[in-house]
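S.K.: need a structure here:
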Amino acid sequence: MTNCAKDSRHRAPDWMDKSFFQTALRSGYQDTSLQVISVNSESGATVGDNFCSNIYRVTVEVQRENAQYEKRSLIVKCQPRGGIIEELVFGADYFNTEIQMYTRILPEMQHILSKVSFGDERMFCTKYIYHGTEPLQYIILEDLSFLEYTPVEGLQGLDYSHCVLVLKSLARFHAASIALLSNKPKLVESFYGNPYQAGRSGLEAVIKSSLRSFALEIKTWPGYETYSERLLKLLGNCFDILVKLNNFKEGGFNVLTHGDLWINNMMFKYHEGAVVDVKFIDLQFSHVTSPAIDLHYFMHTSLSDEVHEYYFYDLLNTYHTTLIETLNLLDCRDKRITFQQLEKELDDHGFYAVYSGIHVHPLALRDSDNLDKDFRDADGRAKSVDKLHTSPHFVKTVKRLLVKFGERGWL
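M.R.: The predicted structure is shown next:
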């Protein structure tokens, strides 16, 4: 969703016509007088940017009752049919998870925060417009790029100011979810499932292949052979470990996570050169579990090397402070967690940092064009993983991470 590739294979299908968008926009904007004049579309993501949806960016020209003409830029996400994407997520209900997040959960979380003076500027995601099931499942959202939000290229990672903004927003997201879990538990019942278990048939082989490739690569790096041995020993049950780490823990500190929070799934707004807001995108892995899942995933995939090395605990403190402040405002003081308890959550979920840093992080450093070509078949996927694990920037970063993982007992 963050990159737009003008590939004719990903043009919007014929059923996304003027009549389709007129029905959707009349509902989304609650304006029965709205008329759609024209529709233009292009792909809204490269293959490597979104594995669980086919995405289209659509510009729609509309006319309102007052005769004014307006242009609306929309993102249409469709459940994939056939090919690699369906293969990877077959049997999992990821797409419906995102629809439920936009239609039921996010409005409630926004309402919760509005009671403590957080207004529209605290909206976590873009505006939902419409969804349907025919001829396949789809959801229509406002295009954040049209609202002057932009992605950040993953090669160098996020600087300190971007990271502070993300972690403050994430803390409020988690705090609002805690209030929701407490006040309306039935509303969140469907989010107690585990996306890794649900997608095991498509995900397990891909993740194991990636970790094995990396373990064999670092076996050739002088001084890093021990890390290779440790990782190879874990390969047999590494996916079971990931499933266990993502489970809801009875009596534990649980939040509704984003579930896929990395640099490719957020967009930023700027004013006079300074970053002022962030929006999260792609909510298909949201589930109830430890906040360590979001924290490890973000902080071991998306930070610049300098920020990760020198400001990791400063950022963790920013998250914790904002979490506690927001919980206090929401009158959820009995749901608070100490900083030491948060650190223990991170240690207890340490292998998730290893997985994030080894399997997910290199995707942020990739050459998108080459990855698109490679990811179209199984052999190409294996080759692309090998390339990612030997890219110079990743090698430099992961050597430092491996030492950290070893020192913390996470690997």
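S.K.: Run through the bridge partners of the closest residue to residue 69 other than its chain neighbours.
M.R.: Leaving aside its sequence neighbours, residue 69 sits nearest to residue 63 (CB to CB, 6 or more residues apart in numbering; 5.5 Å). Glycine gets a C-beta too; all of them are placed from N, C-alpha and C. With DSSP bridges applied, residue 63 shows beta-bridge pairing to residue 35, residue 69.
S.K.: Start the count at 46 instead of 1 going forward.
M.R.: Got it, the first residue is 46 from now on, which makes the last one we talked about residue 108.
S.K.: dump the residue contacts of residue 397.
M.R.: Contact partners of residue 397, counting by CB atoms under 8 Å, 6 or more residues apart in numbering, are 287, 290, 291, 337, 338, 341, 342.
S.K.: how about 10 Å then?
M.R.: Contact analysis of residue 397 by CB atoms under 10 Å, 6 or more residues apart in numbering lists 286-287, 290-291, 335, 337-342, 345, 391, 455.
S.K.: One more: residue 358?
M.R.: Counting by CB under 10 Å, 6+ apart, residue 358 makes contact with 384, 388.
S.K.: Tell me the spacing between it and residue 307.
M.R.: Using CB to CB, to the nearest Å, we find residue 358 at a distance of 20 Å from residue 307.
S.K.: same deal with residue 330?
M.R.: According to CB to CB, residue 330 stands 11 Å off from residue 307.
S.K.: Among the two, which residue is more densely surrounded?
M.R.: residue 330 (24 against 21; other CB atoms under 10 Å).
S.K.: Am I right that the more buried one is in a strand?
M.R.: No - under the criterion used here (DSSP: H, G, I helix; E, B strand; the rest coil), residue 330 is coil, not part of a strand.
S.K.: per-residue confidence at it?
M.R.: Turning to residue 330, the model gives it a pLDDT of 96.
S.K.: pretty sure it contacts residue 304?
M.R.: Yes - assessed by CB atoms under 10 Å, residue 330 is found in contact with residue 304 at 3.0 Å.
S.K.: any residues in contact with both of the two?
M.R.: Common neighbours of residue 330 and residue 304 (criterion: CB under 10 Å, 6+ apart): 139, 142, 240, 241, 291, 310, 338, 342.
S.K.: Can you tell me which of those are buried?
M.R.: In these, burial by neighbour count holds for 139, 142, 240, 241, 291, 310, 338, 342, counting by 16 or more other CB atoms under 10 Å.
S.K.: my read: the residue nearest to residue 114 touches residue 79, true?
M.R.: Yes - applying CB under 10 Å, one finds residue 108 in contact with residue 79, separated by 7.4 Å.
S.K.: So if I had to pick from those two, which one is more boxed in?
M.R.: residue 79 (21 against 14).
S.K.: Let me see the contact set for residue 115.
M.R.: 74, 79, 82, 105, 106, 107, 108, 109 are the contacts of residue 115 under CB under 10 Å, 6+ apart.
S.K.: Can you name the two of those that sit furthest apart?
M.R.: 74 and 82 (15.1 Å; CB to CB).
S.K.: In terms of neighbours, single out the busier of these two.
M.R.: residue 74 (16 against 13).
S.K.: Can you tell me, leaving aside adjacent residues, what's nearest to that one?
M.R.: Distance criterion CB to CB, 6+ apart; nearest residue to residue 74, sequence neighbours excluded, is residue 174 at 7.7 Å.
S.K.: what kind of secondary structure is the one you found in?
M.R.: Following three-state DSSP, residue 174 is assigned to strand.
S.K.: Am I right that it is in contact with residue 122?
M.R.: No - if you go by CB under 10 Å, residue 174 and residue 122 don't touch, sitting 11.2 Å apart.
S.K.: list the buried ones in the helix or strand harbouring residue 254?
M.R.: Assignment of secondary structure by DSSP states H and E places residue 254 within helix 245-263. Neighbour-count burial for helix 245-263, counted by 16+ other CB under 10 Å, picks out 245, 247-249, 251-252, 254-256, 258-260, 262-263.
S.K.: still on that earlier bit, would you check the buried ones among the shared contacts of residue 330 and residue 304 and say which has the weakest pLDDT?
M.R.: Ranked by pLDDT, those bottom out at residue 139, which has 90.
S.K.: now the strands: where do they sit in the stretch 146-295 of the chain?
M.R.: For the stretch 146-295 of the chain, the strands defined by DSSP state E, counting those that start in this stretch occupy 173-177, 183-187, 194-195.
S.K.: and the angle from the first one to strand 183-187?
M.R.: If I follow you right, that is strand 173-177. Orientation of strand 173-177 against strand 183-187 (axes from the mean of the first three to the mean of the last three CA atoms, to 10 degrees) gives an angle of 170 degrees.
S.K.: May I have the strands that pair with strand 173-177, each with its orientation?
M.R.: Partners of strand 173-177 in its sheet, by DSSP bridges: strand 183-187 (antiparallel).
S.K.: residue closest to the middle of the protein?
M.R.: The chain has residue 305 as the residue nearest its centroid, 3.1 Å off, counting by CA atoms, centre = their mean.
S.K.: Let me see the contact set for the closest residue to that one other than its chain neighbours.
M.R.: Leaving out its chain neighbours, the residue that sits closest to residue 305 by CB to CB, 6+ apart is residue 330, at 4.3 Å. Going by CB under 10 Å, 6+ apart, residue 330 touches 97, 137, 139, 142-143, 239-241, 243-244, 291, 302-306, 310, 338, 342.
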